[in-house]
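Chemist: attaching a predicted model along with its sequence, questions to come.
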Amino acid sequence: MHFFLDSADIEEIRKAVRWGVIDGVTTNPSLVAKSGGRDFHGLVREIAALVNGPVSAEVTSLDPEGMVAQGRELSAIAPNVAVKVPMGRDGMTACSRLAREGVKVNVTLVFTPQQALLAAAAGASFVSPFVGRLDDIGEDGIGLVGDIADAFAMGDITTRIIAASIRHPRHVIEAAMAGADIATVPLAVLEKCFDHPLTASGIKRFLADWEEYGKENGR
Ligand code: G3P
């Protein structure tokens, strides 16, 4: 499973890119709004230059024509921009048109396997089930990822599953085990995935032993 960073914050993205573990970035209007009032297209351009993999940028129009027009503009920013459209009749109309033009589409706000199948049928390259938001209302977010993965495998569907709305490191491993192709994670969750107290104490002990060895051997 690949990691994407769920962020529109340039400094966060730079930090995660430096670690060499992320293959893409996802943004949404809420994340962009938090990123400091920058020009949206300029922000997408900068993010797309920082990462090699797909950068999802979301449309905000509510009608298919508007979504297609925004999607064309966003995808023209850089070859690695994927256009995020919301699940729904209008979203799928826009998705199928953009996909026919060769634009990579990420269908967002997916909460059922049926919605994921519709997104795939509309030519989506990515589908984003929202794990945390389902858990928040007492439903099973990871179960949804598993159901989509099973349905896609049965139908030889190549649309990639991005487990989104990831809230903690358990979600990351559970999404991988459920068959997600990608987990898009906030920086805080990514940071937590690196750490374990035994890793930290292990490094400390290795260095202490190495120093002792140096003393004994007169180095
Ligand atoms: O980018 C979509 C998704 O990851 C949002 O997550 O935490 O707002 O539910 P959250």
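Modeler: All right, it came through fine.

Chemist: check contacts around Leu74.
Modeler: Contact partners of Leu74, counting by C-beta atoms under 8 Å, 6 or more residues apart in numbering, are 41, 44, 57, 59, 81, 83. To be clear about C-beta, it is placed using only N, CA and C from the backbone, and glycine gets the same treatment.

Chemist: now, which of those lie within helices?
Modeler: In helices, judged by DSSP state H, the following of those are found: 41, 44.

Chemist: out of the contacts of Leu74, the closest to His171 would be?
Modeler: Lowest distance from His171 to those (C-beta to C-beta) belongs to Ala57, with 23.6 Å.

Chemist: name the member of the contacts of Leu74 with the most neighbours.
Modeler: Of all the contacts of Leu74, the most densely surrounded is Ala57 (31 neighbours; neighbours counted as other C-beta atoms under 10 Å).

Chemist: just give the nearest non-adjacent residue to Thr27, would you?
Modeler: Ala8 (4.2 Å; C-beta to C-beta, 6 or more residues apart in numbering).

Chemist: point out the residues in this structure that sit beside the ligand.
Modeler: Near the ligand, the residues belonging to the chain are 6, 26, 28, 130, 132-133, 164-165, 184 when assessed by C-beta under 6 Å from any ligand atom.

Chemist: ok, longest helix in the protein?
Modeler: Longest helix in the chain by number of residues, with DSSP H as the criterion: helix 197-216.

Chemist: which stretches of this structure form strands?
Modeler: Residue ranges of the strands in the chain, as given by DSSP state E, are 2-6, 22-26, 55-58, 81-86, 105-110, 126-129, 160-163, 182-185.

Chemist: for His41, what are its contacts?
Modeler: Neighbouring residues of His41 by C-beta under 8 Å, 6+ apart: 73-74, 77.

Chemist: so where's the chain shaky on pLDDT?
Modeler: Judged against pLDDT under 70, the low-scoring parts of the chain cover residues 219.

Chemist: residue nearest the centroid of it?
Modeler: Thr184 (2.8 Å; C-alpha atoms, centre = their mean).

Chemist: residues in contact with it?
Modeler: Contacts here follow C-beta under 8 Å, 6+ apart; on that basis Thr184 touches 3-6, 24, 26, 128, 162-164, 166.

Chemist: burial of Asp140, as a residue count?
Modeler: A total of 12 residues lie near Asp140 under the criterion other C-beta under 10 Å.

Chemist: excluding covalently adjacent residues, which one is nearest to it?
Modeler: In this structure, Asp140 finds its nearest non-sequential neighbour in Leu134, 6.7 Å apart by C-beta to C-beta, 6+ apart.
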